[in-house]
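# Here is my input, please return the structure:
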Amino acid sequence: MITRIGICLNREKCPLAQRGEVITVALNDSFTCPLCNSVLKEVQLQKEVLPPPIPIEVQLQKGVQQQGKVERQAGTQRRAIAVSLAATILIAILAGTFIFREKLVHAVGGRFEAHGKVLLRLAGSNTIGDKLGPALAEAYLKAQGATDVYTKNGSEPEVKIVLGDMPGSSRPVEIEIAAHGSATAFTSLADGSCEIGMASRSVKSDEVAKLAALGTMTEATNEHILGLDGIAIIANPHNPLSEISQDKLRSIFTGDTSKWDNGGTIHLYARDDKSGTYDTFKNLVLAGKPLSKTAKRYEDSEALSDAVAKDPDGIGFIGLPFIRNAKALAISDKGTKPLLPTGLTVATEDYVLSRRLFLYTPANPGNPRVSEFVHFALSPAGQQVVAANGFVPQTAEQMTQKVALDAPPLYRSLTAKAQRMTTDFRFLAGKSQLDNRAIADLDRVVAQLAKPGGSNVRILLFGFSDSSGSQDANQALSLTRARVVAGELARRGIPSSVVQGFGPAMPVASNDTSQGREKNRRVEIWIGG
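Residues are numbered from 1 along each chain as shown. Below is the predicted model of the structure:
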């Protein structure tokens, strides 16, 4: 029987489409799905799936030769041999058809993507890989001209496969995303099982050393800042608590404080050890102390958030897009005011538990798709995908910000009629050299000011320092940093109207830690005034 083979594309409603099942239809029958009646997409099978069958005429010729030998031995057995031979041929044909179909189902039926051409493999952070990674992969494939693009679950938890039909390709293409935690971004890059590492924390010094063959992972050729996120501290919506200090958080999550003010036992929820979210929380909040053994650990961000939302005594930490039905708390650090994780506070990195999301690649990737994908992810189109998935994109926009009453009088005066841009410029540790994000943000600021009405505005640059050293030295350092940014903008054709240093005033993080001091060394950019 002559047949046609296809797949159903009705992925929203049809189980056969969702599983990528191959459907065989007789030539004269309607070429539709037997479950939902959708028109099938025909599958072009590769010849190597099964070696070509032996022509029937050859099999018949061999049978005739065998039959002649038998006739010479015993004519009386002629009829029996003929019947036996015919039966053998029929069985062989049926068996061949069965084997062909079984091989097809094995190769295609359970995971249709097994016939796809793998373009890219990403591995690492669950924060990125859960939804943002697949969304970026889908948008990238569509930008490359792919059609019928969709995402399906892989063969194991936390693995997604993004598939599409690319022009000029005889079979589907796919991008594989394995999201088992930020640590696996670097181990997968090291063993060659991925081309792009996803991380919700920066690369560590020992990881830099292990990946030296791929370049210097802290350089802009290897480290790409995808977007920004804030680690939200979440509680049950009915919890009366609205703000909390980092010291109190540390006491709660290490187990030193185990009761709420109303006497209830505090229930802790935390991400697993491979998570970049946990790694960042451990560094910023726990400060070297161990997490309480009573904490319930989760690999999945949404599951953790939903568990906290249902527990009146629960408290946990999670990435900004996963707050869902829980309540976020405002966080303060020593010498700072409590801030909620919002688009502005995370974009400027003023929020104490803000963090960067990274893509890490080899400096000279052998796969040209790597650079294409990263370029797309950092482009305006890619950053729209970042924003659509609940993260903070890297855009230079103007926003109104209420200035604290205890801010320096000159600062309050200069910003009275100005708007703050959603980016701060920060520097490499111990240097007056802009970091990777700041270098990219210079071009974003230029692009924003190139829009209609942006060429005649006043640019105000305010530098800040940490509190280490004398007041005079810090004042001079903060002004130097502001002048560095002014010089970079001037080289891009944008003059600054005000360049001012405010020393250690208005810290956004504690000066007691190296991470806090690094955040406080910054330059704000304001427009107008």
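# Okay, now the sheet partners of the helix or strand hosting residue 148, with direction.
Under the criterion of DSSP states H and E, residue 148 resides in strand 147-153. According to DSSP bridges, strand 147-153 forms sheet pairs with strand 159-165 (antiparallel).
# Walk me through the domains of this protein.
Under the assignment automatic domain parsing, the domains of the chain span 1-44, 48-112, 114-226+362-371, 232-347, 396-528.
# sorry, back to before: and the contacts of the strand holding residue 148?
9, 11, 18, 20, 41, 113, 134, 137-138, 141-142, 159-165 (CB atoms under 8 Å, 6 or more residues apart in numbering). For glycine as for every other residue, the C-beta is placed from the backbone atoms N, C-alpha and C.
# Buried residues in it, which are they?
Across strand 147-153, burial judged by 16 or more other CB atoms under 10 Å covers 149-152.
# and what of stretch 196-209?
196-203, 207-208.
# swap in stretch 503-515?
Buried residues in stretch 503-515 (16+ other CB under 10 Å): 503-511, 513, 515.
# out of these, which are inside helices?
Under the assignment DSSP state H, the buried residues of stretch 503-515 contribute residue 515 to helices.
# Redo the buried residues of stretch 503-515 as a markdown table? Include pLDDT.
Compiled in a markdown table, the buried residues of stretch 503-515 are given as follows (pLDDT from 0 to 100):
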| residue | pLDDT |
| --- | --- |
| 503 | 95 |
| 504 | 95 |
| 505 | 95 |
| 506 | 94 |
| 507 | 93 |
| 508 | 92 |
| 509 | 91 |
| 510 | 89 |
| 511 | 90 |
| 513 | 85 |
| 515 | 82 |
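# Out of the buried residues of stretch 503-515, which sit inside strands?
Using DSSP state E, no member of these falls in strands.
# quick one: which of the buried residues of strand 147-153 is nearest residue 122?
Proximity of the buried residues of strand 147-153 to residue 122 (CB to CB) peaks at residue 151, which lies at 12.6 Å.
# ok, now how distant is that closest one from residue 139?
Applying CB to CB, to the nearest Å, the value for residue 151 to residue 139 is 11 Å.
# And for residue 34?
33 Å.
# out of these two, which sits in the busier spot?
residue 139 (19 against 13; other CB atoms under 10 Å).
# residue contacts, the more buried one?
376, 381-382, 385.
# ok, residue 390 touching residue 318?
No. Checked against CB atoms under 8 Å, the pair residue 390 and residue 318 is beyond contact range at 11.2 Å.
# And these two? Which one has more around it.
residue 318 (28 against 16).
# Look up how far residue 179 lies from the more buried one.
For residue 318, the distance to residue 179 equals 15 Å [CB to CB].
# now do residue 253
Distance, residue 253 to residue 179, by CB to CB: 24 Å.
# ok, now residue 510?
Distance from residue 510 to residue 179, by CB to CB: 32 Å.
# ok, now residue 338?
Distance from residue 338 to residue 179, by CB to CB: 32 Å.
# Next: residue 464.
When distance is defined by CB to CB, residue 464 is 36 Å away from residue 179.
# can you check residue 118 too?
17 Å.
# Looking at those two, which is more packed in?
Per other CB under 10 Å, whichever of residue 118 and residue 179 has more neighbours is residue 179, with 29 against 14.
# how about that one, what does it touch?
Counted by CB under 8 Å, 6+ apart, residue 179 has contacts 123-126, 128-130, 133, 158-160, 198.
# Need the pLDDT of it.
Looking at residue 179, its pLDDT stands at 95.
# With residue 441 as the reference, measure out to it.
Distance from residue 179 to residue 441, by CB to CB: 27 Å.
# One more: residue 267?
Taking CB to CB, one finds residue 267 at 40 Å from residue 441.
# Over to residue 303?
35 Å.
# The two: which is more packed in?
residue 441 (25 against 11).
# isn't that one right up against residue 425?
Yes. Between residue 441 and residue 425 there is a contact under CB under 8 Å: 6.5 Å.
# In what element of secondary structure is residue 304 found?
Applying DSSP H and E, one finds residue 304 within helix 301-310.
# Can I get that helix in CSV? Just the C-alpha atoms.
Only the C-alpha atoms of helix 301-310 are listed here, as CSV (Å, rounded to 0.1, in the frame of the first residue of the first chain):
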residue,chain,number,x,y,z
SER,A,301,11.2,29.3,40.1
GLU,A,302,7.5,29.3,39.6
ALA,A,303,6.9,26.4,42.0
LEU,A,304,8.8,28.2,44.7
SER,A,305,6.9,31.4,44.3
ASP,A,306,3.5,29.6,44.3
ALA,A,307,4.5,27.7,47.5
VAL,A,308,5.3,31.0,49.3
ALA,A,309,2.1,32.6,48.1
LYS,A,310,0.1,29.8,49.7
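# Next, the buried residues of that helix.
301, 304-309.
# got it, and stretch 420-438?
Those would be 420-427, 434-438, for stretch 420-438 by 16+ other CB under 10 Å.
# mind listing which of the residues you listed are in strands?
Residues of these located in strands (DSSP E): 420-426.
# orientation of whichever strand or helix holds residue 231 relative to helix 301-310 in degrees?
Assigned by DSSP H and E, residue 231 belongs to strand 223-235. In terms of direction (axes from the mean of the first three to the mean of the last three CA atoms, to 10 degrees), strand 223-235 departs from helix 301-310 by 20 degrees.
# ok, the spatially most central residue of the chain - contacts?
Centroid-nearest residue in the chain, with CA atoms, centre = their mean: residue 128, separated by 2.4 Å. Listed by CB under 8 Å, 6+ apart, the contact partners of residue 128 are 179, 198-200, 226, 357.
# Try it again at 10 Å.
122, 134, 136, 177, 179, 182, 185, 197-200, 226-227, 229, 276, 319, 357-359, 386, 389, 391 (CB atoms under 10 Å, 6 or more residues apart in numbering).
# and if you look at residue 311?
By CB under 10 Å, 6+ apart, the contact list for residue 311 reads 235-236, 239, 267, 269, 296, 326.
# For those, work out which two are farthest apart.
Of all pairs in the contacts of residue 311, the most separated under CB to CB is 239 and 296 at 17.1 Å.
# pLDDT weak spots in this protein?
1-3, 12, 15, 19, 26-29, 43-116, 430, 453-455, 529 (pLDDT under 70).
# circling back: now render the buried residues of stretch 503-515 as CSV, adding distance to residue 367.
Shown next, in CSV, are these (distance: CB to CB, whole Å):
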residue, distance to residue 367
503, 48
504, 46
505, 48
506, 45
507, 44
508, 39
509, 39
510, 43
511, 44
513, 39
515, 34
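# Give me the neighbour count for residue 137.
Number of residues near residue 137 (other CB under 10 Å) recorded here: 29.
# Test my guess that it contacts residue 119.
Yes. Here residue 137 reaches residue 119: they are 9.0 Å apart, a contact under CB atoms under 10 Å.
# shared neighbours, those two?
What both residue 137 and residue 119 touch, as defined by CB under 10 Å, 6+ apart, is the set 162, 164, 174-176, 373.
# List only buried entries from those.
Among those, those buried by neighbour count (16+ other CB under 10 Å) are 162, 164, 174-176, 373.
# which ones among the contacts of residue 179 are found in helices?
Those of those lying in helices (DSSP H): 126, 128-129, 133.
# Residue 399: which of those is nearest?
Out of those, the member with the shortest distance to residue 399 (by CB to CB) is residue 128, at 25.2 Å.
# How much space separates the closest one from residue 248?
Taken as CB to CB, the span from residue 128 to residue 248 is 29 Å.
# Kindly reformat the domains of the chain as TSV and extend each row with distance to residue 353.
Below are the domains of the chain laid out as TSV (distance: least, CB to CB, whole Å):
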stretch	distance to residue 353
domain 1-44	37
domain 48-112	39
domain 114-226+362-371	12
domain 232-347	6
domain 396-528	10
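# mind listing the helices for the stretch 51-200 of the chain?
56-73, 78-104, 126-129, 132-143, 183-191 (DSSP state H, counting those that start in this stretch).
# Find residues that contact each of residue 390 and residue 318.
If you check residue 390 and residue 318 against CB under 10 Å, 6+ apart, the residues they both contact are 229, 324.
# Residue 346: which of the contacts of residue 179 is nearest?
Residue 346 lies nearest to residue 128 out of the contacts of residue 179, by CB to CB, at 15.5 Å.
# No more questions from me, cheers.
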